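> test case, fold it:
(chains A, B and C)
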Amino acid sequence: MKLQHLIDFNDITTDEYDELCRLASDIINAPHRYSAACSGRVMATLFYEPSTRTQLSFQTAMLRLGGTVIGFADPNSSSVAKGESLRDTVKIISGYADIGVIRNPMEGAAFAASLYSGIPFINAGDGRHLHPTQTMTDMFTIKREKGRYEGLNIGLCGDLKNGRTVHSLLRAFTRYNGNRFFLISTKELRVPDYILNEFSGSDNEIIMTDNMEEVIDGLDILYMTRIQRERFGSEADYRRQSGIYVLTPDKLKSAKPDLTIMHPLPKVDEIAYEVDDDPRSRYFEQAENGMYIRMALILSLIEGNPQRRSSRRAYPLPTRRFCSNPICVSNHEHYLPEMTKTVGGELVCAYCDYKII
Amino acid sequence: MKLQHLIDFNDITTDEYDELCRLASDIINAPHRYSAACSGRVMATLFYEPSTRTQLSFQTAMLRLGGTVIGFADPNSSSVAKGESLRDTVKIISGYADIGVIRNPMEGAAFAASLYSGIPFINAGDGRHLHPTQTMTDMFTIKREKGRYEGLNIGLCGDLKNGRTVHSLLRAFTRYNGNRFFLISTKELRVPDYILNEFSGSDNEIIMTDNMEEVIDGLDILYMTRIQRERFGSEADYRRQSGIYVLTPDKLKSAKPDLTIMHPLPKVDEIAYEVDDDPRSRYFEQAENGMYIRMALILSLIEGNPQRRSSRRAYPLPTRRFCSNPICVSNHEHYLPEMTKTVGGELVCAYCDYKII
Amino acid sequence: MKLQHLIDFNDITTDEYDELCRLASDIINAPHRYSAACSGRVMATLFYEPSTRTQLSFQTAMLRLGGTVIGFADPNSSSVAKGESLRDTVKIISGYADIGVIRNPMEGAAFAASLYSGIPFINAGDGRHLHPTQTMTDMFTIKREKGRYEGLNIGLCGDLKNGRTVHSLLRAFTRYNGNRFFLISTKELRVPDYILNEFSGSDNEIIMTDNMEEVIDGLDILYMTRIQRERFGSEADYRRQSGIYVLTPDKLKSAKPDLTIMHPLPKVDEIAYEVDDDPRSRYFEQAENGMYIRMALILSLIEGNPQRRSSRRAYPLPTRRFCSNPICVSNHEHYLPEMTKTVGGELVCAYCDYKII
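Reported below is the predicted structural model:
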């Protein structure tokens, strides 16, 4: 695999992605063949905000490849608290570790890290921007459950407006055709237009509804997400509507016997406890799949980048603030070079994908 | 060993316990034979409250078996902070790790975890309820020091009312006979009756006293514990009495040359510093023994449970709050099935052993 | 190597230090020969204050030797919070681990730890007192960059009054001759006299200046340090002077092509970002060298101390507070024996090197 870093799911071609899935399946089938594959290699997990599940998944993935892990989980106990730039931290870590994993609340932070890194970096979430290994986990689970990415009836339910995982999953499906997406949400929490627009070039159908029960019987996949109470217009709205989006055994009665129920986890109230014991619920398997696809990714990046590169890169300093997104990393790490790209005819910030205005 | 989980010291039969002690001794004598015994295996330490010593002991145990460790030490940096249920956390961890260790301030939390786990779980302390690996550590130390569990004069000193380790140690001795227990404490801090009642079926003698110096010369073992200042009735009581329960070189003058002084650690003021250098003090060896008996336990659980079980278990939801203990896990994790058991003719909560009223 | 612990850089003879450097270079050249050198060994990192960079460097060093790591990074989550003495913690850790690394804000804490330890201990910083592995890192970097410790023109710039790393580096150079030191700082932030006095016995030249630009063209090495804003006499002083001590591409124009720019890191504003990309800047390589010299140190201490020693040491309790340094460890851990030594004809505290008055 030619990949140097994994910052965005779109960094991977369909062929590369299929290769990763094959590798992950092979690891599941014969874990012992990989238990020393990264022996002697060190992974650094730079978590600038806590995310126990993601960090544990990455750590376990590296340990099960025979590698070791260093890192931090709390910005207050790191040198960041002393005012060190992201660039310096990345350059130092490049001297210690063989691969890096970064999670950071600033949008574009993982891309910024990759600019200065001498080792492969993986984006484990940069604010609400991207979380590509979650998308890989979701897609890999669909592959394992259904064996295909076409001809599927896929329901997505919950907060479709703010849910990063839902947007990424939809984007990933623009590579494929022949699916029907049932977007189940309140009017206020619908998928934004700019996401829907990306589907225009592909042959998939989009159906919007606010009623799960009307569509559940036709679904092959039901991807549930959490609706935060504060997303409802008012407390009255919350009381009236929230129950509609809770998955219960009752609602599942009309569903197909081979429905696959997914959830990015953690979940709170949106799935009734009894559903966990229904064989159609696959979210815990989904979490486990996430470990295996991360093993495949780590292994591929390490094998594909045997030589540490120089972390000395002469980028020009920016002459102005070029991005209007206040939580874009470029507005916090002021040395970052001005970088833009054109997406769908529009000029966007190369760090956070915000439109340049 | 048939054991699936270690939640309560009573889960282990005497034969199983003897087997664990033999294994621990063998590890002490020939550590290199075990240094790869858990190679490729991952232990998860779920510490919902900090307990550095216990966590380090478990971690070192697994590392010295050639395994690796993931986990968290701080509930605020875990998904718990996002409202995830214990059940969900356990199910996800079952997909990552091969064995789990849980510490949780809620009583019965380890038992609750075991209900949903696909991997063996060890209780590393559930509130003031149980801490079975501490009891194993204490009993293993007595075995190594004295070679037997019968015919011993055992002093227990300090806060005998609230000390979980003392209660567990006494309970463990109800399996054996021919010992004399000297319970040394103030009147206010005596061992509760329900613990003493458990001795009625065994042939051991109980002597209560508030004076360490009167009994120290006959002791084979002196198990010291900490008295917290706030346990005394008044500040005047504290000043008058606290010194009586501090072990000093002076008090040790009349003790046997082969006395074994124990303490679960950490200690603060209850043992004078000079006693540490007395060869009869064995509490640091006791802590080290704890690492070895934990190695034996981890290894036995992993070898005895080669297959991950399904974590899909269809328990009925409870129809009411059945336990009156406010810190029972069943009153915090509301999906937990109603489970009770009969102990000594009384109906108790299966999670926290509280009497059902 | 005969070394039992590394508390002070002066604990190592010149020969031992040269041996460590040779070993570190050998590790750099053939890392695979050392990747299992500490297999089965456990390192404990006791960090009583956070220092992510130092802890990551030590952890990576041990992992790259095939060993494993336990420890804590936060005193609040450790038994220290329960009032446990340093001595008890060290004795317990001696039963778990094969080598210890301690960082503690109290001066003399690492020396105190070594008094009770059954395993080798490394000082990873005790307040503003000592940080010997930083000094080893700096000296090793000079060796790799220049191949010698004599005949060098060495500039030291920044806060030379309070900078622990600068003082230690100067002290290390009193072993060698024929160098010229350019001490570049404001009048208020000059190197203290007691450090300069240590040079009287060696054949090195000291030149003080407040002007970097006047001396930069002759330098072989420029060691930059951070000046904290609060170190300036007034806000006006800060504005007037701070820029003088910032290293910029402009100031570097007159510097030698083989100048080596060093910095202990983390840095904030004292080096312009563009300088990072100048091939003469070597501070990231310096950080990486720190990992290798720590590997050499850990390996040498473990190989040189194959047997765990007893941690039972009968020191007499002190009869009075003997050190007037309020942050000396002896004033916080009250059991520590009274220990003094004579340095340059003066009686000093053996823990913190404060003059006894």
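
> need the contact list for A:Lys256.
For A:Lys256, the contact set (Cβ atoms under 8 Å, 6 or more residues apart in numbering or on different chains) comprises A:Asp217, A:Gly218, A:Leu219, A:Asp220. Just so you know, the C-beta spots here come from the backbone N, C-alpha and C atoms, and that holds for glycine as well.

> name the element A:Leu222 belongs to?
If you go by DSSP states H and E, A:Leu222 is part of strand A:221-224.

> next SSE downstream of that strand?
Per DSSP H and E, the helix or strand that comes after strand A:221-224 is helix A:235-241.

> for that following helix, C-alpha coordinates in CSV please.
Taking Å, rounded to 0.1, in the frame of the first residue of the first chain, the C-alpha atoms of helix A:235-241 are listed here in CSV:
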residue,chain,number,x,y,z
GLU,A,235,-38.3,19.9,26.4
ALA,A,236,-41.8,19.3,25.0
ASP,A,237,-40.3,18.2,21.6
TYR,A,238,-37.9,15.9,23.4
ARG,A,239,-40.7,14.2,25.4
ARG,A,240,-42.9,13.8,22.3
GLN,A,241,-40.2,12.7,19.9
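
> related to what we said a few turns ago, from the contact counts, what lies against the strand holding A:Leu222?
helix A:132-146, strand A:153-157, strand A:260-262 (3 or more Cβ pairs under 8 Å, 6 or more residues apart in numbering or on different chains; DSSP states H and E).

> which residues belonging to it are considered buried?
A:Ile221, A:Leu222, A:Tyr223, A:Met224 (16 or more other Cβ atoms under 10 Å in any protein chain shown).

> so what pairs up with the first one in the strands?
In this structure, A:Ile221 has beta-bridge partners A:Ile154, A:Thr260, where bridges are defined by DSSP bridges.

> I'd say it and A:Lys143 touch.
No: at 11.5 Å, A:Ile221 and A:Lys143 do not qualify as touching, with contact defined as Cβ atoms under 8 Å.

> shared neighbours of these two, anything?
Common neighbours of A:Ile221 and A:Lys143 (Cβ under 8 Å, 6+ apart) do not exist.

> residues of the stretch 201-350 of chain A that sit close to chain C?
By Cβ under 8 Å from any Cβ of the partner chain, the residues of the stretch 201-350 of chain A that approach chain C are A:Ser311, A:Arg312, A:Arg313, A:Ala314, A:Leu317, A:Tyr335.

> can you pick the most crowded of the residues you listed?
A:Ser311 (20 neighbours; other Cβ atoms under 10 Å in any protein chain shown).

> A:Asp88: which element?
helix A:86-96.

> as a check, name the ranges of all helices in chain A.
Here chain A has its helices, by DSSP state H, at A:14-29, A:52-64, A:86-96, A:109-116, A:132-146, A:164-173, A:193-197, A:212-215, A:235-241, A:249-252, A:283-304.

> tell me, how many residues neighbour A:Leu265?
21.

> got phi/psi on it?
phi 60, psi 150 (degrees, to the nearest 10).

> is it true that it touches B:Ile92?
Yes: the pair A:Leu265 and B:Ile92 qualifies as a contact (Cβ under 8 Å) at a distance of 6.8 Å.

> need the residues touching each of the two.
With Cβ under 8 Å, 6+ apart, A:Leu265 and B:Ile92 have common neighbours A:Arg53, A:Ala287.

> returning to what we had before: of all the helices and strands packed on strand A:221-224, which one is nearest C:His129?
If you check each of those against C:His129 by Cβ to Cβ, helix A:132-146 wins as the nearest, at 44.0 Å.

> so what secondary structure elements neighbour the closest one?
Short answer (3+ Cβ pairs under 8 Å, 6+ apart): helix A:132-146 packs on helix A:14-29, strand A:121-126, helix A:164-173, strand A:221-224, strand A:260-262, helix A:283-304.

> which stretch in those has the least confidence?
The minimum mean pLDDT among the helices and strands packed on helix A:132-146 belongs to helix A:164-173 (a mean of 94).

> that one close to chain B?
No: shown here: helix A:164-173 not in contact with chain B (Cβ under 8 Å from any Cβ), separated by at least 14.4 Å.

> still on that earlier bit, biggest separation within the residues of the stretch 201-350 of chain A next to chain C, which pair?
Of all pairs in those, the most separated under Cβ to Cβ is A:Ser311 and A:Leu317 at 17.2 Å.

> contacting residues for A:Val166?
So A:Val166 contacts A:Leu156, A:Gly158, A:Asp159, A:Leu160, A:Val191, A:Tyr223, A:Thr225 (Cβ under 8 Å, 6+ apart).

> out of those residues, flag the one nearest to chain C.
Among the contacts of A:Val166, A:Thr225 lies closest to chain C (Cβ to the nearest Cβ), at 33.0 Å.

> and that closest one, how close does it get to chain B?
According to Cβ to the nearest Cβ, to the nearest Å, A:Thr225 and chain B sit 13 Å apart.

> for that residue, which non-adjacent residue is spatially closest?
Sequence neighbours aside, A:Gly158 is the residue nearest to A:Thr225 in space, at 3.6 Å (criterion: Cβ to Cβ, 6 or more residues apart in numbering or on different chains).

> confidence score at that neighbour?
So, for A:Gly158, pLDDT stands at 93.

> same question, A:Ile12
95.

> tally of neighbours for the residue nearest to A:Leu20 when sequence neighbours are not counted?
In space, and not counting its chain neighbours, A:Leu20 is closest to A:Ala296: 4.7 Å by Cβ to Cβ, 6+ apart. Using other Cβ under 10 Å, the number of residues around A:Ala296 comes to 25.

> quick check: A:Ala296 touching A:Asp18?
No: using Cβ under 8 Å, A:Ala296 is not in contact with A:Asp18, being 11.2 Å away.

> in chain A, what residue lies closest to chain B?
Taking Cβ to the nearest Cβ, chain A has A:Glu288 as its residue nearest chain B, at 3.3 Å.

> show me what contacts that residue?
B:Ile92, B:Gly95, B:Tyr96.

> which one of those is nearest chain C?
Using Cβ to the nearest Cβ, the contacts of A:Glu288 come closest to chain C at B:Tyr96, 18.8 Å.

> pLDDT weak spots in the stretch 1-150 of chain A?
Applying pLDDT under 70 to the stretch 1-150 of chain A picks out residues A:75-82.

> repeat the analysis, applying 50 as the threshold.
Applying pLDDT under 50 to the stretch 1-150 of chain A flags no residue at all.

> would you mind listing what in it touches chain B?
Residues of the stretch 1-150 of chain A lying near chain B (Cβ under 8 Å from any Cβ): A:32, A:35, A:50, A:52-53, A:56-57, A:59-60, A:63-64, A:66, A:73-74.

> buried ones among those?
A:35, A:50, A:52-53, A:56-57, A:59-60, A:63-64, A:66, A:73-74.

> can you name the residues that contact the spatially most central residue of chain A?
Nearest to the mean C-alpha position of chain A, by Cα atoms, centre = their mean, lies A:His131 at 2.7 Å. Shown in contact with A:His131 (Cβ under 8 Å, 6+ apart): A:Asn123, A:Ala124, A:Gly125, A:Arg164, A:Thr165, A:Ser168.
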